[in-house]
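Colleague: Curious how this folds, go ahead:
(one chain, ligands or ions: 1)
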Amino acid sequence: MSEREHRGSGGRPSRRDAQGRERNRGQGQRQQSRTAPSQRTRRADPARLVAFEVLRAVSSEDAYANLVLPARIRHHRLAGRDAAFATELAYGALRGRGTLDAVLARCVDRPLTQLDPAVLDALRLGAHQLLGMRVPPHAALDTTVGLVRAVVGAGPASLVNAVLRRVSERTLDGWLHELEADVADDTERDALRHAHPAWIVRALRQSLVAHGRPPAEIDELLEADNAAPVVNLVALPGLGSLAEALEDGAERGSLVDDSALSGGGDLGRWSSVRTGTLRIQDVGSQLVARAVASAPLAGKAAEDAAAHHERWLDLCAGPGGKAALLGALAAQRGATLLANEAAPHRADLVRQALRPVPGESWAVRLGDGRELGREQPAQFDRVIADVPCTGLGALRRRPESRWRRTPNDLAELGPLQRALLDSAIDATAPGGVVGYVTCSPHPAETTVVVQDALRRRSDVELLDAGEALDAVALRPLEAGHDGTAQLWPHVHATDAMFLALFRKLPSSDPSTSRSSTGAPTKES
Ligand SMILES: C[S@@+](CC[C@H](N)C(=O)[O-])C[C@H]1O[C@@H](n2cnc3c(N)ncnc32)[C@H](O)[C@@H]1O
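Modeller: Model prediction:
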């Protein structure tokens, strides 16, 4: 196994293999390790310190791991294998929190809520190394105790040592076997085995069934949520190129044009990433954006298309992933894009994302998307409403979010999602299309919202979203069922994006006829 030399915070050179073992420690230290485990290390290994800092920021500051981790890696100057180890440790411990806590609860003599939260985070890191990463027990114990000594204090070190010793007495399967004896049903068992909250397991199984898939696929789906996702790239059509990435080892994507998959690393090494013409974007997001951009128009909207006067609207554009792709496609087709976003800092990110796209093709509007349909009725030929949602379809990329979300979020988001969809429909010209998109497969924010809209409104019809996705994909996706479409991590290796496509029917209300100027209104 190849190794990389690094220097720990104690200044001593050491070598880490892929499991995080340090391989060149002196004989004296090994002797010491055998005799007094809780005494043997008083320093924090930098990679484990990074993982610890990420867990602390997530637990105590509600931070997002995917934002904190790169900053901590940079701060501690980790690279290569050390950065990969810190990432696997932090993400694995965050994803696995439910299962790790169930194991720890068996090994601690008091409720976990009574532990110092910093000690609990260190225990999670130690337990994940023992059960999820196959770090040898002596290394996991030694380094976790050292971390606690260095950053929390000497007091809790012996507790941490004793608890992790108990954790190390069984493998993960051994622990699961013991814990499963107490679970009530299949949902609880899947939740424990795959480290998801039970309410999410239930919802995902329900969603599989709602989209015509066998409920037994739940195991594969939950496993896919726990796998580290590869980085998906998009070269903006007509503006960017995959060449640099492909020459540097990325693989061409098999689902959609202009996409590639990369093992990661610092993508800023590619000039195309620095200029913003090559972007990180999940393939599922690329597919739904392209489906909205290509769905057939009718009536007035089709006339606009023939005259190259199409107007497109991205109602919820921040941070601008889909807006950048749509903007590039719009520029190629002589269309214009209005990208709307309610949060000022996210509207800035949209402007930044659109920078490589010719300026005459797009504008950014800062405002509440719920008002836009009333302010600019029947003005747009293609509208995407990529609404705020629970993000349960992107659990692979947001390791902590499954434990942060609650069913109450659905109740809060529901009215906003419905109001944004209504506004999107109002803003659409007769014959135009509206794509309702979520990065969640939860029925409460997908199929139920769509059915409600169809019940509420007589001015739309549902188009076949599965067909629209297949029309832009490089191979049949078989994502459609009953008119809507659902992509899946375990089937398509994408985020679980949901797409419903509506066509606006001609209206008899003259107040909703479209103004004649084709240009997008500049931001308010
Ligand atoms: C799922 S994200 C959109 C992702 C984006 N389409 C992309 O591909 O990068 C939803 C966005 O809607 C924004 N948002 C929330 N409430 C809104 C509202 N009332 N009007 C417009 N945008 C809103 C959020 O700030 C967030 O940026």
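Colleague: So H75 versus V68, what's the distance?
Modeller: Distance of H75 to V68, given as Cβ to Cβ, to the nearest Å: 10 Å. Bear in mind the C-beta positions are built from the backbone N, C-alpha and C, glycine included.
Colleague: Looking at those two, which has the bigger crowd around it?
Modeller: V68 (20 against 11; other Cβ atoms under 10 Å).
Colleague: Now L69. Nearest residue, chain neighbours left out?
Modeller: Computed as Cβ to Cβ, 6 or more residues apart in numbering, the closest residue to L69 that is not its neighbour in sequence is V54, at 5.2 Å.
Colleague: The residue of the stretch 151-300 of the chain found nearest the ligand - how many residues pack around it?
Modeller: Among the residues of the stretch 151-300 of the chain, S285 lies closest to the ligand, at 5.7 Å counting by Cβ to the nearest ligand atom. As a burial measure, the neighbour count of S285 was computed by other Cβ under 10 Å and equals 22.
Colleague: and what of D248?
Modeller: Residues contacting D248 under the criterion other Cβ under 10 Å number 13.
Colleague: separation between it and S262?
Modeller: Separation of D248 from S262 (Cβ to Cβ) stands at 8 Å.
Colleague: repeat for A339
Modeller: Per Cβ to Cβ, A339 is found 26 Å from S262.
Colleague: With neighbour numbers in mind, choose between the two.
Modeller: Between A339 and S262, counting by other Cβ under 10 Å, A339 is the more crowded of the two (29 against 19).
Colleague: Break this structure down into its domains, please.
Modeller: Following automatic domain parsing, one gets these domains for the chain: 4-173, 231-280, 283-512.
Colleague: got CSV for these, with distance to R202 too?
Modeller: Written out in CSV, the entries for those read as follows (distance: least, Cβ to Cβ, whole Å):
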stretch, distance to R202
domain 4-173, 14
domain 231-280, 29
domain 283-512, 10
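Colleague: so of the ones you listed, which one's packed in deepest?
Modeller: Compared across these, domain 283-512 shows the largest average neighbour count, a mean of 21 (mean count of other Cβ atoms under 10 Å).
Colleague: what mean pLDDT does it have?
Modeller: The average of the pLDDT scores along domain 283-512 is 95.
Colleague: Would you state the strands of the stretch 101-250 of the chain in chain order?
Modeller: With DSSP state E, counting those that start in this stretch as the definition, the stretch 101-250 of the chain shows strands at residue ranges 231-235.
Colleague: any weak-confidence spans in it?
Modeller: Confidence mapping of the stretch 101-250 of the chain against pLDDT under 70 gives zero matching residues.
Colleague: host element of the residue nearest to L69?
Modeller: Take DSSP states H and E as the rule and V54 turns out to sit in helix 46-61.
Colleague: what comes into contact with that helix?
Modeller: Outside helix 46-61, the residues within contact range by Cβ atoms under 8 Å, 6 or more residues apart in numbering are 6, 8-9, 16, 20, 44, 63-65, 68-69, 72-73, 76, 78, 82-83, 85-86, 89-90, 93-94, 117-118, 120-122, 124-125, 143-144, 147, 150-151, 400.
Colleague: again, only using 6 Å
Modeller: With Cβ atoms under 6 Å, 6 or more residues apart in numbering as the contact definition, helix 46-61 has outside contacts at 9, 63, 65, 68-69, 72-73, 76, 82, 85-86, 89-90, 117, 121, 125, 143, 147, 400.
Colleague: among the residues you listed, which are in reach of the ligand?
Modeller: Intersecting the contacts of helix 46-61 with the contacts of the ligand gives an empty set (criterion: Cβ under 6 Å from any ligand atom).
Colleague: In strands, which of those fall?
Modeller: In strands, judged by DSSP state E, none of the contacts of helix 46-61 are found.
Colleague: Now intersect those residues with the helices, please.
Modeller: Using DSSP state H, the members of the contacts of helix 46-61 that fall within helices are 65, 68-69, 72-73, 82, 85-86, 89-90, 117, 121, 125, 143, 147.
Colleague: Of all pairs in those residues, which one spans the longest distance?
Modeller: Maximum pairwise distance in these, criterion Cβ to Cβ, is 25.6 Å, between D82 and P117.
Colleague: Touching, G238 and Q332? I think so.
Modeller: Yes - with the criterion set as Cβ atoms under 6 Å, G238 and Q332 qualify as a contacting pair; they are 4.6 Å apart.
Colleague: can you tell me how far the closest residue to L179 other than its chain neighbours sits from the ligand?
Modeller: Closest residue in space to L179, ignoring its immediate chain neighbours: A102 at 5.4 Å, by Cβ to Cβ, 6+ apart. If you measure A102 against the ligand using Cβ to the nearest ligand atom, to the nearest Å, the figure is 32 Å.
Colleague: In contact with the residue nearest to S361 when sequence neighbours are not counted, which residues are there?
Modeller: Counting by Cβ to Cβ, 6+ apart, A331 is the residue found nearest to S361 once chain neighbours are left out, at 4.0 Å. When the contact criterion is Cβ under 6 Å, 6+ apart, the partners of A331 are V357, P358, S361.
Colleague: Relative to the ligand, which of those residues is nearest.
Modeller: Out of those, the one with the shortest distance to the ligand is V357. That distance is 14.3 Å, counting by Cβ to the nearest ligand atom.
Colleague: Would it be right to say that that closest one lies in a strand?
Modeller: No - V357: not assigned to a strand; according to DSSP: H, G, I helix; E, B strand; the rest coil it is coil.
Colleague: How is the closest residue to it other than its chain neighbours assigned, secondary-structure-wise?
Modeller: Of all residues beyond its chain neighbours, the one nearest V357 is G327 (4.0 Å), with distances taken as Cβ to Cβ, 6+ apart. Here G327 is helix, with the state taken from three-state DSSP.
Colleague: tell me how far the ends of stretch 484-491 are from each other?
Modeller: 17 Å (Cα to Cα, to the nearest Å).
Colleague: Around the ligand, which positions in this structure sit nearby?
Modeller: Taking Cβ under 6 Å from any ligand atom as the measure of proximity, the chain contacts the ligand at 285, 316-322, 340-343, 346, 368-370, 386, 388.
Colleague: excluding its backbone neighbours, what's nearest R170?
Modeller: E178 (7.2 Å).
Colleague: Look up how far M133 lies from that neighbour.
Modeller: Here the distance between E178 and M133 works out to 20 Å (Cβ to Cβ).
Colleague: ok, the residue nearest to V357 - contacts?
Modeller: Neighbour list for G327: L337, L354, V357, S361, W362 [criterion: Cβ under 6 Å, 6+ apart].
Colleague: same check, this time on V231
Modeller: Listed by Cβ under 6 Å, 6+ apart, the contact set of V231 reads S262, G264, I280.
Colleague: pLDDT added to the residues you listed, as a markdown table?
Modeller: Formatted as a markdown table, the entries for the contacts of V231 read as follows, by pLDDT from 0 to 100:
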| residue | pLDDT |
| --- | --- |
| S262 | 94 |
| G264 | 75 |
| I280 | 96 |
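Colleague: now those residues in TSV, with secondary structure?
Modeller: Converted to TSV, those look like this (three-state DSSP):
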residue	secondary structure
S262	strand
G264	coil
I280	strand
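Colleague: Check the residues you listed against A496 and report the nearest one.
Modeller: Distance to A496 across the contacts of V231 (Cβ to Cβ) is lowest for I280, with 18.0 Å.
Colleague: I'd guess Q451 is in a helix, am I close?
Modeller: Yes - applying three-state DSSP, one finds Q451 inside a helix.
Colleague: That one and L474: what is the separation?
Modeller: Distance check for Q451 against L474: by Cβ to Cβ, it reads 31 Å.
Colleague: One more: F52?
Modeller: Separation of F52 from L474 (Cβ to Cβ): 43 Å.
Colleague: go on, A485?
Modeller: To L474, A485 is 16 Å away according to Cβ to Cβ.
Colleague: got the buried residues for stretch 202-214?
Modeller: Along stretch 202-214, the positions that meet the burial threshold by neighbour count (16 or more other Cβ atoms under 10 Å) are R202, A203, L204, R205, Q206, S207, L208, A210, H211, R213.
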